[in-house]
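Peer 1: Sequence and predicted structure are below.
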Amino acid sequence: MKFVDSATIRIEAGKGGSGCLSFRREKYIPDGGPDGGDGGDGGSVFFCGQEGLNTLSEFRYKRLFRAKNGQPGSGRDKRGKSAVDLYVEIPLGTQIFDLETDELIGEITTQGQNLLVAKGGFHGLGNARFKSSINRAPRQTSPGTLGEVREIGLEMSVMADVGLLGMPNAGKSSLIRQISGARPKVADYPFTTLHPNLGVVKAGTQHFVMADIPGLIEKASEGAGLGFEFLKHLSRARALLHVVDILPADGSNPADNYLTIEQELAKFDEGLFQKPRILAINKVDLIAEEKREECTSQLLESIGYKGKSFNISALNGLGCKPLIYGLSELIEQVSNDE
């Protein structure tokens, strides 16, 4: 299964209902006037922000969204029923583009935010509308107008306070499971995470949102592995948490793994590379307690890291509480600087 952070769909608003051609025909009123009613308006299409969604993958399977047409008018000046508007739920942080004009229609950033993307057709007029002093029995009506049709491009960036960085299988998904309510898939093979997982982390009375982004590999900035599509998901994070596996199962060097990720960030975007971050050295529970400090210090020295770091075990929660409060303090600091 492939992660989708962009999608192309077709939006069709409903057609307006036609006006009715009708004349009043009742007993004892042989020459009744026109009584054709107007049609109903066609349904419009809106995008609606939904907090619980964090992927556009559903749009791979359903690409056409069509609102219903308005009903035609009828005799006795009865207006046709207008169609109900169609609301399409999309994740927060999604930008909407008109693919024909390359215009940015708008962006959904808050829960419940509605954005009109295709206006429904206007109702047709019944012949009663055309009655005048010189035309007492008009046979003229008008059809409803067509609704707007648009080819839409959707592009989503994960909105989070903290973005998780790390090689595949570094333990990012296990960490977000440990410190938040998110339940991403976890297994002992690379690229377990195919969608960004958002988790709300509580630090005392404060809360922040953490995004678990699929693991990066060398040349990710050039599209390798799951590609640079995932790197742009980190662009909105206020801070980064770089997770390094101290004992990689594939026998790779943790220092090299750290430097690979940092180099890919620098290649992709200097602004992203300069974001404040914390380093979490994971799986320290696999090292004898008396040797942990020595091993982690050697790692920090080999990569030249001078920032704040935490020794943790995402699996059993070792060191996770201090990490949470460290991240909360960093987010507060970044917020004050903004």
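Peer 2: Everything's here; your move. Predicted, not measured: the structure shown is a model, and the values here were computed from it.
Peer 1: contacting residues around the residue nearest the centre of the chain?
Peer 2: In the chain, the residue lying closest to the centroid (Cα atoms, centre = their mean) is residue 91, at 3.1 Å. Residues in contact with residue 91 (Cβ atoms under 8 Å, 6 or more residues apart in numbering) are 49, 50, 53, 54, 55, 56, 108, 156. C-beta: built from backbone N, CA, C; applies to glycine.
Peer 1: That one bridge partners, please.
Peer 2: residue 50 (DSSP bridges).
Peer 1: shaky segments in the stretch 151-300 of the chain?
Peer 2: 157-159, 181-196, 214-233 (pLDDT under 70).
Peer 1: redo that, cut-off 90
Peer 2: Within the stretch 151-300 of the chain, the set of residues satisfying pLDDT under 90 comprises 155-161, 163-238, 249-251, 260-273.
Peer 1: Can you list the residue ranges for helices in it?
Peer 2: Along the stretch 151-300 of the chain, the segments classed as helices by DSSP state H, counting those that start in this stretch run 172-179, 254-268, 270-273, 289-303.
Peer 1: Output those helices in JSON lines; the columns should cover distance to residue 63.
Peer 2: Below are those laid out as JSON lines (distance: least, Cβ to Cβ, whole Å):
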{"stretch": "helix 172-179", "distance to residue 63": "30"}
{"stretch": "helix 254-268", "distance to residue 63": "30"}
{"stretch": "helix 270-273", "distance to residue 63": "31"}
{"stretch": "helix 289-303", "distance to residue 63": "45"}
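Peer 1: Of those, which is nearest residue 281?
Peer 2: helix 289-303 (5.2 Å; Cβ to Cβ).
Peer 1: Can you tell me which of the helices of the stretch 151-300 of the chain is most buried?
Peer 2: helix 172-179 (a mean of 24; mean count of other Cβ atoms under 10 Å).
Peer 1: any idea how far that one is from the chain center?
Peer 2: Here helix 172-179 shows a centroid-to-chain-centroid distance of 21 Å under the convention Cα atoms, centre = their mean, to the nearest Å.
Peer 1: Just name whatever secondary elements that helix is in contact with.
Peer 2: strand 162-165, strand 197-203, strand 206-212, helix 320-337 (3 or more Cβ pairs under 8 Å, 6 or more residues apart in numbering; DSSP states H and E).
Peer 1: As TSV, these with distance to residue 124 and mean neighbour count would be great.
Peer 2: Output for these, formatted as TSV (distance: least, Cβ to Cβ, whole Å; neighbours: other Cβ atoms under 10 Å):
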stretch	distance to residue 124	mean neighbour count
strand 162-165	52	27
strand 197-203	46	20
strand 206-212	48	21
helix 320-337	54	16
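Peer 1: Columns distance to residue 38 on top of these, output as CSV?
Peer 2: Shown next, in CSV, are the helices and strands packed on helix 172-179 (distance: least, Cβ to Cβ, whole Å):
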stretch, distance to residue 38
strand 162-165, 53
strand 197-203, 47
strand 206-212, 49
helix 320-337, 54
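Peer 1: Could you work out the end-to-end span of stretch 64-72 for me?
Peer 2: End-to-end span of stretch 64-72 (Cα to Cα, to the nearest Å): 24 Å.
Peer 1: Could I get the buried residue list for that stretch?
Peer 2: For stretch 64-72, the buried set under the neighbour-count rule, 16 or more other Cβ atoms under 10 Å, comprises 65, 66, 67, 68, 69, 70, 71, 72.
Peer 1: Now do the closest residue to residue 53 other than its chain neighbours against residue 75, distance only.
Peer 2: The shortest distance from residue 53 to any non-neighbouring residue, by Cβ to Cβ, 6 or more residues apart in numbering, is to residue 91 (4.1 Å). As judged by Cβ to Cβ, to the nearest Å, residue 91 and residue 75 stand 47 Å apart.
Peer 1: Same check on residue 260?
Peer 2: In terms of Cβ to Cβ, residue 260 sits 75 Å off from residue 75.
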